[in-house]
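>>> My questions are about this predicted structure, shown below with the sequence.
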Amino acid sequence: MNNDSSWGKNFKNLAKEKFLLTLDPSYNQFKTYTNILLQGKNKKVSKICLKVLKKNVKNDSWAWIELKNSAGEPGWLFGSADFITFETKTEFVFVARSKLVDFVFQNVNFKKPFARDWWLAKNKICQRKGKEDQISLIKISDLKTIKNTYIWKK
């Protein structure tokens with residue numbers, strides 16, 4: 001899985017403060033884009049695809065959505081996670097993956113030709129040169145409007 005002990009540290013620390021347990025996923029869960037499990041007091045486990053904030057990010061108001069990975073296979077949007085959780089500088093935004101799928105298909109323009117440059121990917125599909133991926137940028141504030149989305153403040 002992820003051998004970097006600092007990966008997801010902010011998330012794990014906040015979960016601990018909320019008396020939630022973080023667990024490593026099984027190999028099969030990891031292969032289908034669940035990279036952390038979150039267990040509550042009632043023992044219910046949620047599968048999380050955590051999108052950590054990249055170091056030196058200046059603008060965290062947009063999030064990448066992966067419809068297809070670089071090999072052209074279904075991306076994490078279509079994985080097994082219950083929630084896609086986006087880290088910003090001030091919070092974690094939990095979006096139910098199934099609701100995010102609906103949101104993407106209602107709000108991303110699939111009719112225009114693929115954007116070739118990342119800065120043109122806002123609510124459009126971008127495919128990088130030489131790759132089979134299909135990704136799009138969605139505004140974090142728009143993600144927060146999706147029903148049942150919730151926030152953990154840092």
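Here it is on my side, so go on. Note that the structure is a prediction, hence the values are computed from the model and not measured.

>>> Following element in sequence after the lengthiest helix in the chain, please.
Identified as the longest helix of the chain according to DSSP state H is helix 97-107. Using DSSP states H and E, the helix or strand that follows helix 97-107 in sequence is strand 134-139.

>>> Check the secondary structure at the residue located most distally from the centre of the chain for me.
In the chain, the residue that sits farthest from the middle, by C-alpha atoms, centre = their mean, is Asn42; the gap is 24.9 Å. Under DSSP: H, G, I helix; E, B strand; the rest coil, Asn42 falls in the coil class.

>>> returning to that earlier point: buried sites along the longest helix of the chain?
97, 99-100, 103-104 (16 or more other C-beta atoms under 10 Å). Heads up, the C-betas are built off the backbone N, CA and C, glycines and all.

>>> Also stretch 45-62?
46-52, 62.

>>> can you check stretch 65-73 too?
Within stretch 65-73, the residues scored as buried using 16+ other C-beta under 10 Å are 65-69.
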